[in-house]
Structure formats: C-alpha cells, structure tokens
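>>> Just to be clear, the model below is a prediction. Sequence and coordinates:
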Amino acid sequence: MISIKRYVWLIVLLMAGCAGTAPNILHVQAGPGGLSSKKEEVNDSSLSRKITFGEVSIRALGLGSSMEAQVILQNSSSKDVTFEYRFIWYDAAGFELSTVTSWIPAYLSGKEARGFKSTAPGPNATSFKCMIRRPHPITDTGS
C-alpha cells in the first residue's frame, strides 16, 4: 500500500515531467513598413524566466520581394542557457508558408542578448511565429 505522502510525491514528479513540453511563442504580424502587432504566448514559465523575447525588427529585402525578421532574445539569468528555436511564416489567410520547420540548437551566455533572424520564404508572407523551447534529445527514426 502506497502512503499518501508517496502518492502525492509521485503525482508531483509526473506533473513536473509533463511541464515545459510546449514552446514559448512570439506571434508577429507585419504591416506596411514593418511591425504591426506582436503577442507573446508563454507555455513554459521556467524557460520564460531565463529567456525573454525582446525587440522585433522587420525589413523588406527589395520591392515586391521577401522580408527578413530579427527577434532579440535576452538571457535573464547569469548562467548560460541552451535552447532550440525556429521561425514559421504565414500568408494573409493564415496558411503556413515555411518549407523547413526544423528546430535549431542555440545558446545564450549569461545576461547576453542577441538577434535571431529568418527570411520569409516568399513575398506573400505577412506574419510569423518565433518559437523557443528547451533542447529536445535527438530520437532515432529507425531507418
């Protein structure tokens, strides 16, 4: 028979194991001449205490061509933090335009702030998400 203390401890461990699986997301809408709106979605509060989304810059790469975005990520802690990030681009109707959505490993030294960039896959991109998450182990695909 499991004591109540052990049962509670087991539940706490299970909940901690499930926490932090969803990425933190910065939703950005581009408007004429740059940034129109941005909204942050925090799904991993522990990660958000270490890494915060900062300034967003958007620029056109030429008349009628793609745009480039840069998001400043800030390490709020004094320790190095490793994470993964990716950008996903969307058109005006909300359809995903990105062809590659792989997670890219990265790190920030203690208190470091650095820009992370992405170029839209085409001229019809109007918004993007910058996503960060804790590093995930590489899994064997069995091939």
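All right, it came through fine.
>>> Ser48 sits in which helix or strand?
Secondary-structure assignment from DSSP states H and E places Ser48 in helix 45-50.
>>> just how off-centre is that helix within its chain?
12 Å (Cα atoms, centre = their mean, to the nearest Å).
>>> what are the ranges of the strands in the chain?
In the chain, the strands defined using DSSP state E lie at 24-31, 34-41, 51-60, 67-75, 81-91, 104-108, 113-119, 125-133.
>>> Can I get those in JSON lines including distance to Leu97, mean pLDDT and mean neighbour count?
For glycine as for every other residue, the C-beta is placed from the backbone atoms N, C-alpha and C. Below are the strands of the chain laid out as JSON lines (distance: least, Cβ to Cβ, whole Å; pLDDT from 0 to 100; neighbours: other Cβ atoms under 10 Å):
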{"stretch": "strand 24-31", "distance to Leu97": "12", "mean pLDDT": "92", "mean neighbour count": "18"}
{"stretch": "strand 34-41", "distance to Leu97": "17", "mean pLDDT": "90", "mean neighbour count": "13"}
{"stretch": "strand 51-60", "distance to Leu97": "15", "mean pLDDT": "95", "mean neighbour count": "16"}
{"stretch": "strand 67-75", "distance to Leu97": "12", "mean pLDDT": "96", "mean neighbour count": "18"}
{"stretch": "strand 81-91", "distance to Leu97": "5", "mean pLDDT": "96", "mean neighbour count": "19"}
{"stretch": "strand 104-108", "distance to Leu97": "18", "mean pLDDT": "97", "mean neighbour count": "14"}
{"stretch": "strand 113-119", "distance to Leu97": "11", "mean pLDDT": "97", "mean neighbour count": "15"}
{"stretch": "strand 125-133", "distance to Leu97": "6", "mean pLDDT": "96", "mean neighbour count": "21"}
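>>> show me what contacts the closest residue to Gly115 other than its chain neighbours?
Closest residue to Gly115 in three dimensions, ignoring its sequence neighbours and counting by Cβ to Cβ, 6 or more residues apart in numbering: Gln70, at 4.4 Å. Residues in contact with Gln70 (Cβ atoms under 8 Å, 6 or more residues apart in numbering) are Val56, Ser57, Ile58, Gly115, Phe116, Lys117.
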